[in-house]
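*Asks:* Sequence and predicted structure, then a few things I'm wondering about:
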Amino acid sequence: MDFEFMQETFLRLLSGVPLTLNLAFTSVAFGAVLAMLIALMRMSGVRVLEAFAKGYVFVFRGSPLLVQIFLIYYGLGQFRPTLQEWGLWSFFREPYWCAILALTLNTGAYASEIFRGGLQAVPAQQVEAARACGMSGFLLFRRITFPIALRQALPAYGSELILMVKATSLASIITMMEITGIAAKLISQTFRAVEVFIVAGAIYLILNFIITRLIMALEWWLSPHLRHPPVPKASVEAVHV
Amino acid sequence: MMKFVKTVSLAIVGSALAIGGASAQTKTVKIATEGAYAPWNFTTPAGKLDGFEIDLANDLCKRMKVKCEIKAQDWDGIIPGLTAKKYDAIIAGMSITPERQKAISFSRSYANGPNGFLVAKTSPLAQMPGTGQTYNLDTQKAETEKVLEAIKPLLKGKAIGVQGSTIHAAYAEKYFKGVADIREYKTTEAHDLDLAAGRIDAVLADSVAIVESLGKPEFKDYVMVGPGATGGMLGDGVGVGIRKEDAALRKMFDEAIDSALKDGTISKLAVKWFKVDIAPKS
C-alpha cells in the first residue's frame, strides 16, 4: 500500500465532491417535492390519482436506476427531432440534467412511500385533538399532521439521502465526472484499482458520516418530547456533598 | 454447502495457479476481450463474440497448439483483471503504450492504424485541415503538433467524445484539453449514440472503428476527417496483453504472430474485417 499515492488520489478525487453533492442535493430537493405530491395523490382517495401514484412508484422503484439513467440519456437521445419540436432538447442535451431527472424520479418514488408511512402513522387522537381545538384543512396539516409525519419519516428518509449520495456514482456512465468517474479515470491511468477504490470509498464514507450526523441533529431538534428532562440543579450539588 | 464452495474455490485457485505458471504444457489459455469494439471484437445480436480479434485469437491458438477460452470483460477493469489472474491474455484492440507497459507486458504488435475524427458532413469540423494525412508522433513530432495546432481554433468550444481509459482519451486530454469539452464514454457505441443524437460534435477514435461506424445507416451523412496519428503516446500498435511474469506465454504469442504475419493471415483478416490492411509493416 503506497500512502503517498493514496494521498495524491485523495486530493484528485476531492475535485469530484462538489459535483457528487450537487447531483445528490439538487435531485433530493426536487425529489422531495415530487414525493410529497405522489404521497398525497396516493392517499387522496381519488381513484385515478391513486392509480397513477401506484403505477409511478411501481415503475421507478421496481427498475434499476442504471437502466433508468440509460433510458433517459441514450434512449430519449434517439428522439431528438421530437424533443426539439417540443422545445425540450436543450434540457435533454445536457448529461447533467438527464442525471438530475433520473435521480429525481427515482428518489421521488422511494421517498413518496416513506412520506406516506410517516403521514399514515400520525396518531388519530392528535388529529382529533386538533379538530377539537377548531383546526381543519390546511391549518391542521401544517400545524399537526405534517410536523409529526416529518418527525416519524426522518430516520427512513435519512437512509434515502445516503442512498442518493451513493446513487450519484452511476452518473459517471453518462460522462459526468463525479467521484466515481474520476476514480475510474485514475484507475485507467495507474491500474491501481485497490488503492483508488479504497480512497473513493473512504470519501463516500466521510460524506455520509456528515450527513448522518446532520440528520441525527435534526431528529434531536424535532423530538424534544423524547429527551430526558434536565436534571434539577439541587441533586447535582447533592452528589458533591 | 460450505464444503462445496471451498472445494470449488480451491479448484479455481488451483487452476489459476497452474495457468499462472504458463509453461509449455499449458492446455488452456483464457483470453479476455471487450466485446464492444467493432469490428475488432464485438458481441453479435445472438450473444456470440465475433470480430477481427476473435478470428485472430483462434488462429494464434491453433499455431500455439493450445485450447483457448475467449470471454468478454469490461474495458475499465481489463488490466486489473489480468494482473489478478482472472485470465491470461488480453486481445482487445489494446495499443502498446509506455503507461500500460508499467503494469503489464505486451506481445509484438499485430495491428497498427491511425486515429481520426468522425463528424457530420454539415459541421464546420468537416473542413478540418490535415484530413487524409497520416503522421507518426515518433518521427514527425513537430509536424504533427503543427497540424494539431491548426485544428485547435476549429475545435474551440466543441464537445468531443472519446472512450475513457484509451489512448484516444489520453491524446484528447494532451492536445485538446481546455480547447474542447472532452467527454469520456464507457464504450465506443455510447459515444457513437451521442454523436448521432447531436450531444457531441465529434468523436475521436481509431480510424478502423470510425470506418466501421460509417458503415451504419445513422452515419450516412458523416465523414472521417483530421490528421491521422500513430506512434508516440498513441503507442506502437496493438498487441496481446500478458502478465509481466508470463515470459513463456509472451514468447508463444510473439512466435505465433510472427508466423501469422509472414504467411499473410493477419493481412487477410484485416482486409476481411476492416477493409484496409493494418498489419504492421515490420
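*Replies:* Sure thing, it's come through.

*Asks:* residue contacts, residue 70?
*Replies:* The chain I'm using is chain A. Applying C-beta atoms under 8 Å, 6 or more residues apart in numbering or on different chains to residue A:70 gives the contacts residue A:173. Where you see a C-beta, it was placed from the backbone N, CA and C, and this is true even at glycine.

*Asks:* if you could check chain B rather than the one you did, that'd help
*Replies:* B:31-33, B:49, B:54, B:57-58, B:91.

*Asks:* ok, 7 Å please
*Replies:* The contact partners of residue B:70, by C-beta atoms under 7 Å, 6 or more residues apart in numbering or on different chains, come to B:31, B:33, B:49, B:54, B:57.

*Asks:* Isn't the last one up against residue B:66?
*Replies:* So that's residue B:57. No - shown here, residue B:57 and residue B:66 do not form a contact pair, counting by C-beta atoms under 7 Å, at 10.8 Å.

*Asks:* neighbour-wise, which of those two wins?
*Replies:* residue B:57 (22 against 18; other C-beta atoms under 10 Å in any protein chain shown).

*Asks:* Disregarding flanking residues, what is the spatial nearest neighbour of residue A:74?
*Replies:* residue B:193 (5.2 Å; C-beta to C-beta, 6 or more residues apart in numbering or on different chains).

*Asks:* pretty sure that neighbour is touching residue A:73, no?
*Replies:* No - if you go by C-beta under 7 Å, residue B:193 and residue A:73 don't touch, sitting 9.0 Å apart.

*Asks:* Name the residue of chain A that lies nearest to chain B.
*Replies:* Relative to chain B, the nearest point of chain A is residue A:188 (3.1 Å; C-beta to the nearest C-beta).

*Asks:* what number of residues lie near that residue?
*Replies:* The burial count for residue A:188: 24, using other C-beta under 10 Å.

*Asks:* show me the contacts for the residue nearest to it when sequence neighbours are not counted.
*Replies:* Leaving aside its sequence neighbours, residue A:188 sits nearest to residue B:165 (C-beta to C-beta, 6+ apart; 3.1 Å). Contacts for residue B:165 (C-beta under 7 Å, 6+ apart) come out as A:188, B:75-76.

*Asks:* I'd guess the residue of chain A closest to chain B is in a helix, am I close?
*Replies:* Yes - residue state for residue A:188 (DSSP: H, G, I helix; E, B strand; the rest coil) corresponds to a helix.

*Asks:* So which bits of chain A are right by chain B?
*Replies:* Counting by C-beta under 7 Å from any C-beta of the partner chain, the residues of chain A close to chain B are A:74, A:77-78, A:80, A:93, A:173, A:175, A:184-185, A:187-189, A:191, A:193.

*Asks:* how about a cut-off of 10 Å?
*Replies:* Within chain A, the positions near chain B by C-beta under 10 Å from any C-beta of the partner chain are A:70, A:73-81, A:83-84, A:89, A:92-95, A:98, A:172-177, A:181, A:184-185, A:187-194, A:197.

*Asks:* In chain A, where is pLDDT below threshold?
*Replies:* Scanning chain A for pLDDT under 70 picks out A:232-241.

*Asks:* all helices of the stretch 151-282 of chain B, in order?
*Replies:* Per DSSP state H, counting those that start in this stretch, the stretch 151-282 of chain B carries helices over the ranges B:167-176, B:188-197, B:207-214, B:247-262, B:265-274.

*Asks:* can you check the stretch 1-150 of chain B too?
*Replies:* Going by DSSP H, counting those that start in this stretch, the stretch 1-150 of chain B shows helices at B:2-21, B:52-64, B:78-83, B:98-101, B:141-155.

*Asks:* Also chain A?
*Replies:* With DSSP state H, the ranges of helices along chain A come out as A:3-14, A:17-42, A:47-62, A:65-70, A:76-77, A:80-85, A:89-92, A:95-120, A:124-132, A:137-140, A:146-167, A:179-190, A:193-222, A:233-240.

*Asks:* Now do the buried residues in stretch A:196-215.
*Replies:* Neighbour-count burial for stretch A:196-215 flags A:196-197, A:199-200, A:203-204, A:207-208, A:211, A:215 (criterion: 16 or more other C-beta atoms under 10 Å in any protein chain shown).

*Asks:* of the residues of chain A next to chain B, buried ones?
*Replies:* For the residues of chain A next to chain B, buried by 16+ other C-beta under 10 Å: A:70, A:73-74, A:76-77, A:80, A:83, A:89, A:92-93, A:95, A:98, A:172-177, A:181, A:184-185, A:187-188, A:190-193, A:197.

*Asks:* surely residue A:36 meets residue A:119?
*Replies:* Yes - counting by C-beta atoms under 10 Å, residue A:119 is a contact partner of residue A:36 at 9.4 Å.

*Asks:* list residues touching both of the two?
*Replies:* Residues touching both residue A:36 and residue A:119 by C-beta atoms under 10 Å, 6 or more residues apart in numbering or on different chains: residue A:146.

*Asks:* And those two? Which one has more around it.
*Replies:* When residue A:36 and residue A:119 are compared for neighbours, residue A:119 comes out ahead with 21 against 17, by other C-beta under 10 Å.

*Asks:* do you know how far the more buried one is from residue A:223?
*Replies:* Applying C-beta to C-beta, to the nearest Å, the value for residue A:119 to residue A:223 is 17 Å.

*Asks:* for the spatially most central residue of chain A, what are its contacts?
*Replies:* For chain A, residue A:161 is the residue whose C-alpha lies nearest the centre (C-alpha atoms, centre = their mean; 3.3 Å). Contact partners of residue A:161, counting by C-beta under 10 Å, 6+ apart, are A:24-25, A:28, A:32, A:107, A:111, A:208, A:211-212, A:214-215.

*Asks:* before we move on, the earlier item: between residue B:193 and residue A:73, what contacts are shared?
*Replies:* Common contacts of residue B:193 and residue A:73 (C-beta under 10 Å, 6+ apart): residue B:199.

*Asks:* Please pull out the lowest mean pLDDT helix or strand from chain B.
*Replies:* When the helices and strands of chain B are scored by mean pLDDT, DSSP states H and E, helix B:2-21 comes last with a mean of 52.

*Asks:* Brilliant, that's me finished.
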